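*Asks:* Sequence isn't available, so here's the structure alone:
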């Protein structure tokens with residue numbers, strides 16, 4: 001395990017722990033809600049730093065993050081067969097997120113709202129979440145990948 005990718009993972013987890021993200025959820029949040037928000041953060045992260053120069057590092061970060069997610073699922077108590085199915089579902093969800101936000105900057109606000117709503121349909125104020133992810137995306141654009149690899153960035 002490469003510890004330098006732990007910083008990236010922990011930063012994404014810290015963003016996901018933002019209590020404001022859950023205030024428009026009609027129920028108590030659960031692991032699935034947190035995981036969905038984590039994967040959405042991770043999707044924007046990969047979209048922002050994807051280029052030929054970062055290809056190898058991003059693949060290693062991808063592998064590391066999904067290994068960490070698998071460990072988290074194991075800690076919850078799922079059995080081996082359930083874990084394989086859950087991981088497949090989460091990886092498919094993640095890839096659909098990456099696909100939906102690929103051309104994020106070219107989308108209108110209403111198109112962005114539709115894209116976010118696909119994944120966060122249990123949340124009431126999707127506009128708040130859209131604004132949040134717009135800010136998050138802009139924040140990522142203003143920082144280098146190296147800044148995420150070197151230290152913990154405050155959300």
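*Replies:* Thanks, I have it. Please read these numbers as outputs of a predicted model, since none were measured by experiment. Numbers count the residues shown, from 1 in each chain.
*Asks:* Okay, now the unreliable bits of the chain?
*Replies:* Low-confidence segments of the chain, defined by pLDDT under 70: 1-2, 151-155.
*Asks:* Helices of that one, residue ranges please.
*Replies:* Taking DSSP state H, the helices of the chain run over residues 4-16, 31-49, 55-76, 80-101, 109-119, 126-141, 145-150.
*Asks:* Count the residues that sit near residue 126.
*Replies:* Neighbourhood size, residue 126 [other C-beta atoms under 10 Å]: 16. C-beta coordinates here come from the backbone N, C-alpha and C atoms, glycine included.
*Asks:* Quickly note the distance from it to residue 148.
*Replies:* Taking C-beta to C-beta, to the nearest Å as the measure, residue 126 falls 27 Å from residue 148.
*Asks:* next one: residue 57
*Replies:* On the measure of C-beta to C-beta, residue 57 and residue 148 end up 10 Å apart.
*Asks:* and the two? which has more neighbours close in?
*Replies:* Taking neighbours as other C-beta under 10 Å, residue 57 and residue 148 compare with residue 148 leading, 22 against 17.
*Asks:* pretty sure the more buried one is touching residue 7, no?
*Replies:* Yes: between residue 148 and residue 7 there is a contact under C-beta atoms under 8 Å: 6.5 Å.
*Asks:* surely residue 4 meets residue 148?
*Replies:* No: the criterion here is C-beta under 8 Å, and residue 4 misses it with residue 148 at 9.7 Å.
*Asks:* quick one, what contacts the nearest residue to residue 124 once chain neighbours are set aside?
*Replies:* Using C-beta to C-beta, 6 or more residues apart in numbering and skipping the chain neighbours, the partner closest in space to residue 124 is residue 24 (4.3 Å). The contact partners of residue 24, taken as C-beta atoms under 8 Å, 6 or more residues apart in numbering, are 123, 124, 125, 128, 129.
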